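>>> Can you look at this prediction? I've put the sequence above it.
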Amino acid sequence: MQVRQRLGDVVQAPFDLSQLPGVQYTDPPGDQGLFGPGSISWQVGSDWPSALVGGMSGLILGTLHPLVLAGTLDHSIFRKDPIGRLARTASFVMATAFGSTDVANGVVDYVNRLHSRISGTAPNGNHYSATDPGLAVWTHVTIYGGFLDGHLRYAPNPISGRQIDGYWDEVARVPEMLGARGVPRSRYEVEDYFRRVRPELEASRDARESARWVLDGGKGDTPTVRDSAAALVTAWGELMPGGGPHALEERILRPASAGAVRVAYAILARASVDLLPGWGRSMLDLQRSRFAGPVTKAYFATLRLAVPTVPRALREAQVRAAGRRA
């Protein structure tokens, strides 16, 4: 089991690339964090493959808000590395979900400081500011909604019924710490929010291009593929005698790792489109594939047979919350 778990950590290595400052999950022992064991948030975050699909889908849907997209394009490296942006967003979500109370407060303060410097004018002529409470609600609903949709579709033991409302009620705490107001706290409030906000959305050229950047982020020699492959090589090397791959092994491992990342990314990309609401796919001119769901489920089932898919962050948080050191 220990070897299987270490192999699981190898597979997760590419997804641990963009941690926000100060993020760790082991200290102080006994700290429950914002949610803690038994929370619905911990259950939704307990399977990283389904979270990846959901996070990607939420990032794509988020491109439809012209003010949020303008701030993203003007003040981040989204054009060059859209999945790097998703990784940093995922780091924030995981830090607030699984980190200690101090870690969660720390990343919230960090993001609030960043947001205080982000403002400008969107192509449609409207002013935007990252401190706008309304924009924080849109980002929250699309990203956390994406994680929830991925969990409901692909997690081994998905939540249901009132637990879904409980999830929205729990995670509303995070955007409120970022200054959001009127955050939806149930699935019905989320549905109502989307009905109200849809007239503000735009299927602009920037939105369609941004969605395509996300979907194509695993192709070629992009930062996503290059850094993910390097992380895999390093992680594999740590399992080898001597603590690292020799030249011959690296010549084999690096292209093999890059190939594995591209295959996995292609599966995740199609699955993320499949998760989008029909109106979102239509606005972004994306086509649903009838094979995406079955292929993704088969891929995830194979992955779970090979390695554990509980995020390392959650495992460390469980040990910390129990009052022990990892």
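Sure thing, it's come through. Every value quoted in this text rests on a predicted model; they were computed, and no experiment measured them.
>>> Please identify the buried residues of the biggest helix by length in the chain?
For the chain, the helix with the greatest residue count under DSSP state H is helix 247-275. For helix 247-275, a neighbour-count test (16 or more other CB atoms under 10 Å) marks 253-254, 257-258, 261-262, 264-265, 267-275 as buried. All C-beta spots, glycine's among them, are computed from the backbone N, C-alpha and C.
>>> do you know how far the residue lying closest to Phe291 once chain neighbours are set aside is from Gly134?
Spatial nearest neighbour of Phe291, excluding adjacent residues (CB to CB, 6 or more residues apart in numbering): Arg270 at 7.7 Å. Applying CB to CB, to the nearest Å, the value for Arg270 to Gly134 is 32 Å.
>>> same thing with Gly99?
Taken as CB to CB, the span from Gly99 to Gly134 is 27 Å.
>>> neighbour-wise, which of these two wins?
A side-by-side neighbour count of Gly99 and Gly134, using other CB atoms under 10 Å, places Gly99 first with 29 against 14.
>>> did I read that right, Gln24 in a strand?
No. With DSSP: H, G, I helix; E, B strand; the rest coil as the criterion, Gln24 is assigned coil and is not in a strand.
>>> ok, it touching Ala104?
No. Using CB atoms under 8 Å, Gln24 makes no contact with Ala104, being 11.7 Å away.
>>> the more surrounded of the two?
Ala104 (23 against 14).
>>> in which helix or strand would I find the more buried one?
Using DSSP states H and E, Ala104 maps to helix 101-115.
>>> For that helix, list every residue counted as buried.
Those would be 103-104, 106-108, 110-111, 115, for helix 101-115 by 16+ other CB under 10 Å.
>>> hmm, who's touching whatever helix or strand comes next after that helix?
Counting by DSSP H and E, the next helix or strand C-terminal to helix 101-115 is strand 119-121. The set of residues external to strand 119-121 that reach it, using CB atoms under 8 Å, 6 or more residues apart in numbering, is 70-71, 74-75, 127-131.
>>> Is it possible to get a markdown table of those that adds neighbour count and secondary structure?
Listed next are the contacts of strand 119-121 as a markdown table, based on neighbours: other CB atoms under 10 Å; DSSP: H, G, I helix; E, B strand; the rest coil:
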| residue | neighbour count | secondary structure |
| --- | --- | --- |
| Ala70 | 20 | helix |
| Gly71 | 23 | helix |
| Asp74 | 14 | helix |
| His75 | 16 | helix |
| His127 | 11 | strand |
| Tyr128 | 23 | strand |
| Ser129 | 14 | strand |
| Ala130 | 23 | coil |
| Thr131 | 15 | coil |
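>>> Of those residues, which one scores lowest on pLDDT?
Least confident of these in the model: His75, at 90.
>>> Can you tell me, leaving aside adjacent residues, what's nearest to that residue?
Nearest residue to His75 in three dimensions, chain neighbours excluded: Ile118, at 4.8 Å (CB to CB, 6+ apart).
>>> Check Arg281 too.
Per CB to CB, 6+ apart, closest to Arg281 is Arg288, 6.1 Å.
>>> Please apply the same query to Pro156.
Among residues not flanking Pro156 along the chain, Asp47 sits closest, at 6.5 Å (CB to CB, 6+ apart).
>>> One more: Asp31?
Counting by CB to CB, 6+ apart, the residue nearest Asp31 is Ser100, at 4.1 Å.
>>> where exactly do the helices run in the stretch 201-326 of the chain?
205-215, 223-239, 247-275, 278-284, 292-306, 312-321 (DSSP state H, counting those that start in this stretch).
>>> out of those, which comes closest to Pro28?
Taking CB to CB, helix 312-321 is the member of the helices of the stretch 201-326 of the chain nearest to Pro28, at 7.4 Å.
>>> could you give the angle of the helix holding Ala104 to helix 312-321?
Inter-element angle recorded for helix 101-115 and helix 312-321: 130 degrees (by axes from the mean of the first three to the mean of the last three CA atoms, to 10 degrees).
>>> okay, the closest residue to Glu200 other than its chain neighbours: pLDDT?
Leaving out its chain neighbours, the residue that sits closest to Glu200 by CB to CB, 6+ apart is His65, at 6.8 Å. Listed pLDDT for His65 reads 98.
>>> for the closest residue to Gly54 other than its chain neighbours, what are its contacts?
The shortest distance from Gly54 to any residue other than its chain neighbours is 2.4 Å, reached at Gly150 (CB to CB, 6+ apart). For Gly150, the contact set (CB under 8 Å, 6+ apart) comprises 50-55, 57, 275.
>>> Please work out how many residues are found near Glu209.
Count around Glu209 with other CB under 10 Å applied: 12.
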